[in-house]
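# One predicted model, sequence on top.
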Amino acid sequence: MIVTSEITLNTRGECDIVDITPDIEQEVVRAGMTDGIVTIFVAGSTAGLTTIEFESGVLADLQGMWERIVPKDITYAHDRRWGDGNGYSHVRASLLGASLTVPFNNNRLMVGTWQQIVLVDFDNRPRSRRVILQIMGE
Amino acid sequence: MIVTSEITLNTRGECDIVDITPDIEQEVVRAGMTDGIVTIFVAGSTAGLTTIEFESGVLADLQGMWERIVPKDITYAHDRRWGDGNGYSHVRASLLGASLTVPFNNNRLMVGTWQQIVLVDFDNRPRSRRVILQIMGE
Amino acid sequence: MIVTSEITLNTRGECDIVDITPDIEQEVVRAGMTDGIVTIFVAGSTAGLTTIEFESGVLADLQGMWERIVPKDITYAHDRRWGDGNGYSHVRASLLGASLTVPFNNNRLMVGTWQQIVLVDFDNRPRSRRVILQIMGE
């Protein structure tokens, strides 16, 4: 059984981290399957997906890491060519990855107690985002 | 056909890298499917999954990278707030990712000869870990 | 329904980034399914998969990031032991990841308009690569 579903959300950009666990949980319940996997995919090249303990300290630490390894204030070839100013957003998104697959069992996502599923929006401006869920199971 | 299964293992923490390929291979065989995918997911926010050539030199090189890009000895907001001392563990785990999907064919994982599936435990102490396998196929 | 398929391609190594979206699209169409997921997996430990806007500026920016966070010119234990000279390739591949799962709907990959699926070959020489596709759906 396969159910395709979608979450849309508004982000503030600049490494905004949004907890999408409740939305995914709700879509899994609505799909009416007890066991399976949900493939989560973000359409777009300046956002990514991962899991994290959704606690403001850790979120700030993650943002600090991005600034260290893919700094905003160095020169990007993308910006020289297109003037978008978001070269760093593309590089960060590409490293983090656009897909995540999470198993569920008895209608519950099998994540840890302190582990949330998040969208990280790396773009340099607020965006409306489309997160695709492909739920497969029985 | 879907089979949910679980591996539990003890790790030493501090970037301990554990080869879980044989355990996964065994669970796939036990599930009795010939073709499909196994979704591997680690519950918890201070460990991650990836593949690597399981050779002590490369393992040390990977650990060296983590120390460079997410150093242990800088200040983390998570630690200031909670005193856990494992802010770096959370950030590393979030960057590496908690899920991995591996195809299998004729009952064999389709990994390369020198490519093993590993759990990386970033926490600052030994842990007991639960790795979830969702095996789907026919 | 499950269809296993494979893409083989030649790369130039040294962070060569190859757009494999058309090949994957073609295999999905050929599999004759309308809805589902395609699990993409690269066999081997010196290449990885991700998505990116396939534009030469961004590609150069991504390559620049790899040189910053996993430099070619530092010492790797893997190289001291085996003399392969590609320790950095292994570390980069392990961080990027070997698998990616992309949903499709009405026979089309649900990627963004400016989002391509790419193989990144980190090895220090040209390689022939095998990318495995496990297509599941209905």
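Sure, I can see it.

# Chain B contacts on chain A?
When proximity is defined as Cβ under 8 Å from any Cβ of the partner chain, chain A approaches chain B at A:35-37, A:50-53, A:55-58, A:60-62, A:64-65, A:68-69, A:95-97, A:100-103, A:105, A:110-112, A:114-115, A:136-138. The C-beta positions use only the backbone N, C-alpha and C, and glycine is treated the same way.

# Buried only: go through those for me.
A:35-37, A:50-53, A:55, A:57-58, A:60-62, A:64-65, A:69, A:95-97, A:100-103, A:105, A:110-112, A:114-115, A:136-137 (16 or more other Cβ atoms under 10 Å in any protein chain shown).

# picking that back up, of the residues of chain A next to chain B, which fall within the contact range of chain C?
A:69, A:95, A:97, A:101, A:136.

# Show me what the helix or strand hosting the second one packs onto, helices and strands only.
Right, the one you point to is residue A:95. Applying DSSP states H and E as the criterion places residue A:95 in helix A:87-96. If contacts are counted by 3 or more Cβ pairs under 8 Å, 6 or more residues apart in numbering or on different chains; DSSP states H and E, helix A:87-96 sits against strand A:47-52, helix A:77-82, strand A:116-121, strand C:47-52, helix C:56-69.

# touching chain A at all, the last one?
Okay, so that is helix C:56-69. Yes: counting by Cβ under 8 Å from any Cβ, chain A has neighbours in helix C:56-69: C:56, C:57, C:58, C:60, C:61, C:62, C:64, C:65, C:68, C:69.

# Sketch out the low-pLDDT regions of chain A for me.
Applying pLDDT under 70 to chain A flags no residue at all.

# Off-centre distance for the helix holding residue A:95?
Relative to its parent chain, helix A:87-96 has a centroid offset of 12 Å by Cα atoms, centre = their mean, to the nearest Å.

# Check stretch A:3-15 too.
Averaging C-alpha positions (Cα atoms, centre = their mean) puts stretch A:3-15 8 Å from its chain's average.

# Can you give me the buried ones in that stretch?
Across stretch A:3-15, burial judged by 16+ other Cβ under 10 Å covers A:3, A:4, A:5, A:7, A:11, A:13, A:15.

# who touches the third one in this structure?
In other words, residue A:5. Listed by Cβ atoms under 8 Å, 6 or more residues apart in numbering or on different chains, the contact set of residue A:5 reads A:27, A:30, A:31, A:132, A:133, A:135.

# and which of these is nearest chain C?
residue A:132 (5.0 Å; Cβ to the nearest Cβ).

# Tell me, how many residues neighbour the closest one?
Neighbours of residue A:132 under the rule other Cβ atoms under 10 Å in any protein chain shown: 21.

# Skip the chain neighbours and tell me the closest residue to it.
Distance criterion Cβ to Cβ, 6 or more residues apart in numbering or on different chains; nearest residue to residue A:132, sequence neighbours excluded, is residue A:41 at 4.6 Å.

# residues in contact with that neighbour?
Counting by Cβ under 8 Å, 6+ apart, residue A:41 makes contact with A:49, A:98, A:99, A:100, A:131, A:132, A:134, C:101, C:102, C:103, C:110.

# Same check on residue A:111?
Residue A:111 neighbours (Cβ under 8 Å, 6+ apart): A:21, A:51, A:102, A:117, B:43.

# From the structure, what's the count of residues near residue A:120?
24.

# For it, list each beta-bridge partner.
Listed beta-bridge partners, residue A:120: residue A:17, residue A:48 (assigned using DSSP bridges).

# ok, it - contacts?
With Cβ under 8 Å, 6+ apart, residue A:120 has these contacts: A:15, A:16, A:17, A:18, A:47, A:48, A:49, A:50, A:62, A:92, A:93, A:96.

# now swap in residue A:19 and tell me
Going by Cβ under 8 Å, 6+ apart, residue A:19 touches A:54, A:116, A:117, A:118.
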